[in-house]
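S.K.: Okay, here's the prediction I keep looking at, along with the sequence it came from:
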Protein chains: 2
Amino acid sequence: MPRTIAKNHDTKRDAILKAAAKLFASEGYGRASMAGVAAACGISKANIYHYYPSKEALLFDILESHLSELRDRICGLTYDSDAPEDQLRVILTEVLLAYQGADAEHDVLLSATQALPEEKQEILRQYQRDFIYEGRARLAAIAPESVANDRAKLWALTMLVFGMLNWHYKWNSAADADTRRAHAKMIADLVIGGVPNLQV
Amino acid sequence: MPRTIAKNHDTKRDAILKAAAKLFASEGYGRASMAGVAAACGISKANIYHYYPSKEALLFDILESHLSELRDRICGLTYDSDAPEDQLRVILTEVLLAYQGADAEHDVLLSATQALPEEKQEILRQYQRDFIYEGRARLAAIAPESVANDRAKLWALTMLVFGMLNWHYKWNSAADADTRRAHAKMIADLVIGGVPNLQV
DNA sequence: CCTACCGATCGGTAGG
DNA sequence: CCTACCGATCGGTAGG
């Protein structure tokens, strides 16, 4: 009778994923070693290779798991209100909350994606496009027609707003949920009415 | 008569700095080799070590040169107008223009700073603080008192705005000066009046 | 004795 | 799930 897959297979895989993300974030993907990942997991290096065929495969799984979860959360949002401003507030808050606890994965995404072959990078870009388009639609709804109807300008605006979101971990990585909600509100106020009209 | 330092010593040092920045950005600091840096410069690896005692020293010089130039440009700005909005437009434009041609250095700053010892990182953080404070002062001048007089809120606002600036290279690294001016204007319009009042 | 380089190779460690 | 290794390549340095 063949041996079955360990009952904690997925649990262990997730543990490797999380430990590797933290190590890749803190040491850098290129300097971090597979032996270091193993040590962080309390298992042997050879055991890591039981779950992943290569260091690159491990990197890709970290990023794909992270981005697919982000996409599912953002694209699966339901909006109580039809008001464009309210919908923008909902999505901005959800993005910052979805980033909570995923600083390591986010950092690895920004600093190590280029280590992957182009085809893998394209898969990751598709996940990102999926949820960025959700944000773009909310921004188009509040933008003047001169922006909403101009693809390049609308994209620039979208990237500026995601710049605020994606930069957040650099200065507030340990933020709790309430802090994230407050920062999302500040971004929303800023986007909707500018700094002079910040409601804080 | 003793031989003098090569007349092209500084020129060559700058060439190494630029080539290394590009290689570190494209391959990642940890994966990039000193042999690769040497090859990109068309010189021997031993020759690199004549200019820099270690790979880490090379990394630090890339980042310090980059940040000191940024600081000098931003902190050395003179403002024609006393209007806070005009001053904000000037500094936002100057930052995006200062980033032009420095995408590699900017990328290395974000992805490899953690490879430096803490004391070196602190030196780099001081350069960044110097010019971020310039931006913060312009933002305080247009913010409501509830933000301008609250250190935490003013810092959050400042980081949001620098998020837009520092994220720019991710989606528009090849932007020319006019494009950068247009993006700086969009950020300024956004900050001053919100998306509904974008003037484009 | 100096600075400016070179080809060759060191001791260790990487991914697998 | 481990110890024991490999081909290769790393950052850094030798003599000249």
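M.R.: On my side now, so go ahead.
S.K.: Mind telling me which residue of chain A is nearest DNA strand C?
M.R.: Going by Cβ to the nearest atom of the strand, DNA strand C is nearest to A:S33 of chain A, at 3.0 Å. In this view, the C-beta of every residue, glycine as well, is placed from N, C-alpha and C.
S.K.: Need the pLDDT of that residue.
M.R.: Model confidence at A:S33, given as pLDDT, is 88.
S.K.: For it, grab phi and psi.
M.R.: Main-chain dihedrals, A:S33, degrees, to the nearest 10: phi -110, psi 160.
S.K.: go on, A:D82?
M.R.: Dihedral angles (degrees, to the nearest 10) for A:D82: phi -90, psi -10.
S.K.: Give me the distance between it and A:N149.
M.R.: From A:D82 over to A:N149 the distance is 21 Å, taken as Cβ to Cβ, to the nearest Å.
S.K.: Could I get the contacting residues of whatever residue of chain A ends up closest to DNA strand D?
M.R.: In chain A, the residue that lies nearest DNA strand D is A:S44 (2.8 Å; Cβ to the nearest atom of the strand). By Cβ atoms under 8 Å, 6 or more residues apart in numbering or on different chains, the residues touching A:S44 are A:A38.
S.K.: and the residue of chain A closest to DNA strand C, how many neighbours?
M.R.: 13 (other Cβ atoms under 10 Å in any protein chain shown).
S.K.: first to last residue in stretch A:39-47, what's the distance?
M.R.: By Cα to Cα, to the nearest Å, the extent of stretch A:39-47 from end to end equals 11 Å.
S.K.: now check it, is it near DNA strand C?
M.R.: Yes: against DNA strand C, stretch A:39-47 shows contacts by Cβ under 7 Å from any atom of the strand at A:K45.
S.K.: chain center to that stretch, what's the gap?
M.R.: Relative to its chain's centre, stretch A:39-47 lies at 26 Å (Cα atoms, centre = their mean, to the nearest Å).
S.K.: next one: stretch A:50-68
M.R.: Remark: stretch A:50-68 is offset 15 Å from the chain centroid, using Cα atoms, centre = their mean.
S.K.: circling back: now the residue of chain A closest to DNA strand D: how far from A:D178?
M.R.: 42 Å.
S.K.: re the thing from before, of A:D82 and A:N149, who's got more company?
M.R.: More crowded of A:D82 and A:N149, by other Cβ under 10 Å: A:N149, with 11 against 8.
S.K.: hey, where'd the helices end up in chain A?
M.R.: Secondary structure of chain A (DSSP state H): helices at A:9-27, A:34-41, A:45-51, A:55-75, A:84-99, A:103-112, A:118-142, A:145-148, A:151-172, A:177-193.
S.K.: now for the last one, which elements pack on it?
M.R.: Helix A:177-193 is packed against helix A:84-99, helix A:118-142, helix A:151-172, helix B:151-172, helix B:177-193, with contacts defined by 3 or more Cβ pairs under 8 Å, 6 or more residues apart in numbering or on different chains; DSSP states H and E.
S.K.: wait, which of those is closest to B:T93?
M.R.: Of all these, helix B:177-193 sits nearest to B:T93, with 4.0 Å by Cβ to Cβ.
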